[in-house]
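# what follows is a predicted protein model with its sequence.
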Amino acid sequence: MHIHNLSEQNSILNQFIAEIRDVSVQNDSMRFRRNIERIGEILGYELSKALEFETRSITTPLATIMTETPKNDVVLCSILRAGVPLHNGLLNYFDKSENAFISAYRHHLDNPESFEIVVEYLACPDLTGKTLILADPMLATGQSLIATYKALEPFGKPKHVHIVAAIGAEPGVNYLKNNLPEDTNLWIAAIDKSLNNKGYIVPGLGDAGDLAFGAKLQH
Ligand SMILES: O=P(O)(O)OC[C@H]1O[C@H](OP(=O)(O)OP(=O)(O)O)[C@H](O)[C@@H]1O
Ligand SMILES: O=c1cc[nH]c(=O)[nH]1
Ligand SMILES: [Mg+2]
């Protein structure tokens, strides 16, 4: 897997990551969602440099010019709920993309430390030969992303796979490395060291879905 860790170079992205982590800013859920969206825009811009381009002729009012533009073969897939603002950020730039949505949530078994990933909802176009971008702001254990990748297999084999995440943890990044094709690209804004015993990224930011959309009852 090719890891593009954008925190290796300082940029305005640091500001948005700092704000989503900061408890004194997290009470503003609109800012939280918008920051996740902005992170999606920036990661999308970086990712665009690795897309396939094709030459097109564009006619201006004065002449024609040959221009390189990305092939319109992107399918954006995000994981509900926390993936929604990241999806919107990517869609702001890949506005001609096809879209897929999947629900993957942690179902806690007998104690809060053990859980399985349950996939319930999946809407997806044909992926054959396309560029698949899988987006989820949090890459903790990596189980949700791998469960999603597997659930998408019946929809066709994409030509390229990109993963987009805001914050990851080293164990989750390693899990992806071991379970995805070698030519997969990961575009990520920060990689933290560890997970706690409930599978939360430390220092991380807490629960991204709740911060974006409010607390939910456990079921
Ligand atoms: O890498 P993992 O260990 O699988 O954890 C990451 C998952 O956890 C979060 O979703 P969550 O289950 O909290 O659902 P939510 O978006 O509805 O809050 C996050 O958005 C990922 O999907
Ligand atoms: O740290 C984490 C891990 C999973 N999901 C989150 O929202 N945060
Ligand atoms: Mg959550």
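Thanks, I have it. Remember, it's a predicted structure, so these values are computed and weren't measured experimentally. Ligands and ions are numbered 1, 2, ... in the order given.

# got the residues of the chain near ligand 3?
207, 209 (C-beta under 5 Å from the ion). (Each C-beta comes from the backbone N, C-alpha and C, glycine too.)

# distance check, residue 12 against residue 46.
13 Å (C-beta to C-beta, to the nearest Å).

# next, the contact list for residue 137, please.
Going by C-beta atoms under 8 Å, 6 or more residues apart in numbering, residue 137 touches 36, 39, 82-83, 85-86, 165-167, 208.

# could you pick out the residues of the chain near ligand 2 for me?
Residues of the chain lying close to ligand 2 (C-beta under 6 Å from any ligand atom) are 82, 138, 140, 199-201, 204, 207-209.

# just the buried ones from those residues, in ChimeraX syntax?
Restricted to buried positions by 16 or more other C-beta atoms under 10 Å, the ChimeraX selection for the residues of the chain next to ligand 2 reads:
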select :82,138,140,199,200,201,204,208,209
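
# narrow the residues of the chain next to ligand 2 to those in strands?
Members of the residues of the chain next to ligand 2 lying in strands (criterion: DSSP state E): 138, 201.

# of the residues of the chain next to ligand 2, which is the nearest to residue 27?
Among those, residue 207 lies closest to residue 27 (C-beta to C-beta), at 13.8 Å.

# name all residues that make contact with the closest residue to the closest one other than its chain neighbours.
Distances taken as C-beta to C-beta, 6 or more residues apart in numbering place residue 200 nearest to residue 207, at 7.6 Å, with adjacent residues excluded. Counting by C-beta under 8 Å, 6+ apart, residue 200 touches 140, 206-207.

# hmm, back to that, keep the residues of the chain next to ligand 2, but drop any that are not near ligand 1.
The overlap between these and the neighbours of ligand 1 (C-beta under 6 Å from any ligand atom) comes to 82, 138, 140, 199, 207-209.

# and the residue of the protein nearest ligand 3?
Nearest residue of the chain to ligand 3, counting by C-beta to the ion: residue 209, 3.1 Å away.

# so that residue sits against residue 82, correct?
Yes: contact criterion C-beta atoms under 8 Å: residue 209 and residue 82 qualify, at 4.2 Å.
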